[in-house]
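Novice: give me the fold of what follows.
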Amino acid sequence: MTLITCALCIEPYYALVTGEFACPCGQVLAVADIELETAQVWVVDASGALGYWVDRVALLVAEIAAYGLRVTAEDIARCGEEIERMGVDEWVGTQVR
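Specialist: Take a look at the predicted model:
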């Protein structure tokens, strides 16, 4: 997990009982304000720290969609190992005939 830190104090945000997040300098971050890249999802660790990790399935779906192919999470579950082994470029080539 990669921590999401405050731009002012460079410290991580921690969960509040309100469902928001705050850093040590008092900046508050609402869930609606968390902006992540396409395949990233936000997570909270056992200490309450806010972070993100890359959802590998979402990343593969996005990479394959860039080739104009539509795949679902179920497709990735079925052939994800093959995609990982071959690489997206080669796997897409086997699907386009």
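Novice: if you skip the residues just before and after it, what's nearest to the residue nearest the centre of the chain?
Specialist: Compute the mean C-alpha point of the chain, and by C-alpha atoms, centre = their mean the closest residue is Gln40, 1.2 Å away. Nearest residue to Gln40, sequence neighbours excluded (C-beta to C-beta, 6 or more residues apart in numbering): Tyr52, at 4.6 Å. Where you see a C-beta, it was placed from the backbone N, CA and C, and this is true even at glycine.
Novice: please apply the same query to Val88.
Specialist: Among residues not flanking Val88 along the chain, Glu63 sits closest, at 4.7 Å (C-beta to C-beta, 6+ apart).
Novice: and for Ile4?
Specialist: Leaving aside its chain neighbours, Ile4 sits nearest to Leu50 (4.8 Å; criterion: C-beta to C-beta, 6+ apart).
Novice: thinking again about what came up before, helix or strand next in line after whatever helix or strand the residue nearest to Val88 lives in, which one?
Specialist: Using DSSP states H and E, Glu63 sits in helix 56-65. Sequence-wise, the next helix or strand downstream of helix 56-65 (DSSP H and E) is helix 73-86.
Novice: quick check: which helices or strands does that next one pack against?
Specialist: helix 56-65, helix 88-95 (3 or more C-beta pairs under 8 Å, 6 or more residues apart in numbering; DSSP states H and E).
Novice: quick check: phi and psi on the residue nearest to Ile4?
Specialist: Backbone geometry at Leu50, expressed as degrees, to the nearest 10, gives phi -90, psi 130.
Novice: pull the contacting residues for it.
Specialist: For Leu50, the contacting residues are 3-4, 12-15, 21, 29, 34, 42-44, by C-beta atoms under 8 Å, 6 or more residues apart in numbering.
Novice: any idea how far it is from Cys23?
Specialist: In this view, Leu50 and Cys23 are 9 Å apart by C-beta to C-beta, to the nearest Å.
Novice: one step back: let's have the helices and strands packed on helix 73-86 in a markdown table, adding mean pLDDT, distance to Asp75 and mean neighbour count.
Specialist: Below are these laid out as a markdown table (pLDDT from 0 to 100; distance: least, C-beta to C-beta, whole Å; neighbours: other C-beta atoms under 10 Å):
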| stretch | mean pLDDT | distance to Asp75 | mean neighbour count |
| --- | --- | --- | --- |
| helix 56-65 | 80 | 8 | 17 |
| helix 88-95 | 78 | 10 | 14 |
